[in-house]
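Participant: Sequence first, then the predicted structure, then my questions.
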Amino acid sequence: MLHIVNLVFLLKEIISDARLLLLAPYSSIFIGEMKPLTYLFLTLSLVPTLIIHNAFSVDEADPAEGKPSIKVEKIAVMPFSSKLKGVAETMTTKEQFLTDSMYSELIAKVKGIEFISPQSSSEELTRVREDNPILLDKSAVVEAGKNLGADAVLFGYISEYKEREGGELGVSSAASVAFSVQLLNTVDGQILWEDYFAETQRPLSENLLEVRKFLRRGAKWITADDLAKEGVVEVVNELNMFLVKFSAAAEKN
């Protein structure tokens, strides 16, 4: 079914993007020496594709469907890890940045949920590991969350965090970030929700459908921290939608 409201909004965005492209600065992220006016025609040429995509899009399945009828009112936010085994007592810069960014975004965006800080969660996780050094990561974070009185724990793993090589206007290698996040039930360790973010910034020439993202970034090459922050925003938005549906489903049971 054609979503008229979404379609109108989409067309407005495309027109806005086309206008901004005329004002966009030259940089290596553009397609060689191509003129901005050419980008205008390229952007407008995307309209039929975007309309078709919108017209035949289907609603996603309810992510809360089939989950246990428990309430999630308190979540322990565990520190991100980039280790294959174990969470280090001293976090690296990238782990600290992602952990702090995630916690700040959760506090700002997700309402009706109490979040236990990464600092408190990390301290309890350290105690659990000292008492049970053979515990696997999943068991350890679940046990720590349970000890803190949390209904669930949020745990993330960083699989890639590569800084750009170059500056805003030109790079020899773009920033690349990938991380996964899981929400685990502290009752039995079941995965209630999970998400994955992975992106390596690419020039507009390789994906014209991302013209809005390209312009939002100021038509520049961004840092790994900037890319990670975008990923955090996306992941938290998805988690927020899941928690709303999950809470509604739990209330019915």
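Facilitator: Structure received. Source: prediction; values computed, not measured.
Participant: what are the ranges of the strands in the stretch 101-250 of the chain?
Facilitator: Using DSSP state E, counting those that start in this stretch, the strands of the stretch 101-250 of the chain run over 114-116, 152-162, 165-166, 171-173, 176-185, 191-200.
Participant: For the last one, name the packing helices and strands.
Facilitator: Contacting strand 191-200 under the criterion 3 or more Cβ pairs under 8 Å, 6 or more residues apart in numbering; DSSP states H and E are the following elements: strand 152-162, strand 176-185, helix 224-252. Backbone N, C-alpha and C define where each C-beta goes, glycine included.
Participant: For the ones you listed, give me a markdown table that also has distance to Q96.
Facilitator: Below are the helices and strands packed on strand 191-200 laid out as a markdown table (distance: least, Cβ to Cβ, whole Å):
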| stretch | distance to Q96 |
| --- | --- |
| strand 152-162 | 11 |
| strand 176-185 | 14 |
| helix 224-252 | 11 |
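Participant: Compare those and give me the one nearest D100.
Facilitator: Across the helices and strands packed on strand 191-200, D100 has its closest neighbour in helix 224-252 (9.7 Å, Cβ to Cβ).
Participant: picking up where we left off before, so which of the helices and strands packed on strand 191-200 comes closest to D131?
Facilitator: strand 152-162 (17.2 Å).
Participant: Isn't R129 up against D137?
Facilitator: No. At 9.6 Å, R129 and D137 do not qualify as touching, with contact defined as Cβ atoms under 8 Å.
Participant: one step back: can you lay out the helices and strands packed on strand 191-200 as TSV showing mean neighbour count?
Facilitator: As requested, the helices and strands packed on strand 191-200 are exported to TSV (neighbours: other Cβ atoms under 10 Å):
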stretch	mean neighbour count
strand 152-162	21
strand 176-185	21
helix 224-252	18
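Participant: For S117, see how far away K74 is.
Facilitator: 12 Å (Cβ to Cβ, to the nearest Å).
Participant: quick one, which of these two is more surrounded?
Facilitator: Just comparing K74 and S117: by other Cβ atoms under 10 Å the higher neighbour count belongs to K74, 16 against 13.
Participant: Do I have it right that the more buried one meets K146?
Facilitator: No. Counting by Cβ under 8 Å, K74 stays clear of K146, with 11.1 Å between them.
Participant: Give the residues shared as contacts by those two.
Facilitator: By Cβ atoms under 8 Å, 6 or more residues apart in numbering, K74 and K146 have no common neighbours.
Participant: I'd like the average pLDDT over stretch 137-153.
Facilitator: Taken as a whole, stretch 137-153 has an average pLDDT of 95.
Participant: for it, which positions count as buried?
Facilitator: 137, 140-146, 148, 150-153 (16 or more other Cβ atoms under 10 Å).
Participant: among the helices and strands packed on strand 191-200, which is nearest L125?
Facilitator: strand 152-162 (9.2 Å).
Participant: thinking again about what came up before, can you tell me which of the strands of the stretch 101-250 of the chain has the worst average pLDDT?
Facilitator: Mean pLDDT is lowest for strand 171-173 among the strands of the stretch 101-250 of the chain, at a mean of 86.
Participant: What is the neighbour count of P203?
Facilitator: P203 has 16 nearby residues by other Cβ under 10 Å.
Participant: Quick check: it vs E210, distance?
Facilitator: From P203 over to E210 (counting by Cβ to Cβ), the distance is 10 Å.
Participant: what's the pLDDT at M91?
Facilitator: 66.
Participant: Ignore what I typed, I meant S82.
Facilitator: Reported pLDDT at S82 in the predicted model: 83.
Participant: circling back: out of the buried residues of stretch 137-153, who's nearest V110?
Facilitator: A152 (12.3 Å).
Participant: For the closest one, which residues are in contact?
Facilitator: Per Cβ under 8 Å, 6+ apart, neighbours of A152: V72, K74, I75, A76, G145, L183, L184, N185, T186, L192.
Participant: make it 10 Å
Facilitator: A152 makes contact with 70-76, 113, 142, 145, 182-187, 190, 192-193, 243, 246 under the criterion Cβ atoms under 10 Å, 6 or more residues apart in numbering.
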